[in-house]
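# Here is the input, now give the coordinates:
(2 chains)
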Amino acid sequence: MNYGIVSQEQLEQIDKILAEKLIKLGVDCVIIIDMAGNIITAKDNGESKYDVYSFAALAAGNFATVDAMAKLVGEQEFSLLFHKGQESNIHFSKIDDELLLISMFGRDISLGFLRLNVVDVIEKIRKVWERK
Amino acid sequence: MSFINLKDKIVQVKIVYYGPGRCGKTTNLEYINRTYRKQIASEMVSLKTHGDRTLFFDFLPFDMGQIKGYDIKIQLYTVPGQVKYNATRKLVLRGVDGIVFVADAMEKQREKNIRSLNQLHENLQSYKESIFRIPLVMQYNKVDLKEHGIPILPTEVLEKDLNSRLKVPYFEASAITGYNVAATLKKIISASVISIQKKLL
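Numbers count the residues shown, from 1 in each chain, chains lettered A, B, ... in the order given. Next up is the predicted model:
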């Protein structure tokens, strides 16, 4: 699969989806990465200052590990992951075999509400991606 | 595969340091991290065991400046060298753009180097990559041990063992003192960037 280059237009569309659907909702930071640990795009609320590059490398490793665990218990994949903290939480969701959507959010958003929006966002991003 | 962001004009290049256990992959990154601290915006990430062995990978990102208006972001990774961690090594190799094979020049490590290189060949095949096509640089590490009376393999022997078919650039090096660490890095960066450019043309 050749996903190495994405057009400017596609990235702008994806950024817009992320901003409207997740950042507006109150998510602190959203990153789309590929499974090699590269950042496709990152959006934040202007306040959070995460080291997104290290984050992407660790997240790709994390997800790959979970994928391997899924195979061990006879699952095709675990398509989402959730880490809960005191102040911040991280939600990982697979877009397709190559892409991962990561949302970092605080205490003021409920997980259920976020998940509903993430499903919607993934649907929309897939459509943009297909047009390549 | 590198990811190229046309909107923000960023190219991300993934370089992996590969080699047998205790050959000095992490030491290479630590030296780079110390020496070029000013150019490196983030901290080096190391996932290691209590005994300081690499468990998953080390990660060190840094900016290399611009080429034709594109920001080049280099991302250095190491793999865990211990034999039992091959599944993890494979994961780290996903989407790799360039590889530094760090060989341990100590005489007693001769066989381990060869085994590790063979496994690299197999692991790349599982991603439909070829060791003969991917940018690769050999580093014969620990040459400083000679001064301490520890028997090390002559470069000719290492060349014959590891590089007789690949015929890639090689460096004698000492990751602990920093000798040829930067030279190795420069070589693999330029080889990887050239290879990415070629793919795009």
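# alpha carbons only for contacts and neighbour counts from here, please
OK.
# Can you give me the buried ones in the longest strand along chain B?
Secondary structure assigned by DSSP state E gives strand B:54-67 as the longest strand of chain B. Taking 16 or more other C-alpha atoms under 10 Å in any protein chain shown as the basis for neighbour counts, the residues of strand B:54-67 that come out buried are B:Thr54, B:Leu55, B:Phe56, B:Phe57, B:Asp58, B:Phe59, B:Leu60, B:Pro61, B:Phe62.
# Tell me the predicted confidence for the fourth one.
Okay, so that is B:Phe57. Confidence at B:Phe57, expressed as pLDDT, is 91.
# That one contacts B:Leu29, doesn't it?
No. B:Phe57 sits out of contact with B:Leu29 when judged by C-alpha atoms under 8 Å, with a separation of 11.1 Å.
# quick one on the thing from earlier: show me which pair in the buried residues of strand B:54-67 is furthest apart.
Of all pairs drawn from the buried residues of strand B:54-67, the widest gap by C-alpha to C-alpha lies between B:Leu55 and B:Phe62 and measures 22.2 Å.
# And the contacts of the host helix or strand of B:Val157?
B:Val157 is part of helix B:155-163 when elements are defined by DSSP states H and E. For helix B:155-163, contacts defined as C-alpha atoms under 8 Å, 6 or more residues apart in numbering or on different chains pick out B:Ala105, B:Asn113, B:Ile114, B:Leu117, B:Met138, B:Tyr140, B:Glu172.
# Take those and keep only those in strands.
Secondary structure defined by DSSP E assigns B:Met138, B:Tyr140, B:Glu172 of the contacts of helix B:155-163 to strands.
# Run through the residues of chain A sitting next to chain B.
Contact residues of chain A with respect to chain B, defined by C-alpha under 8 Å from any C-alpha of the partner chain, are listed as A:4-8, A:11-12, A:35-36, A:38-40, A:51, A:53-54, A:57, A:61, A:64.
# Now, of those residues, which are buried?
In terms of neighbour count (16+ other C-alpha under 10 Å), the buried residues within those are A:Val6, A:Leu11, A:Met35, A:Ala36, A:Asn38, A:Ile39, A:Ile40, A:Tyr53, A:Ser54, A:Ala57, A:Gly61, A:Ala64.
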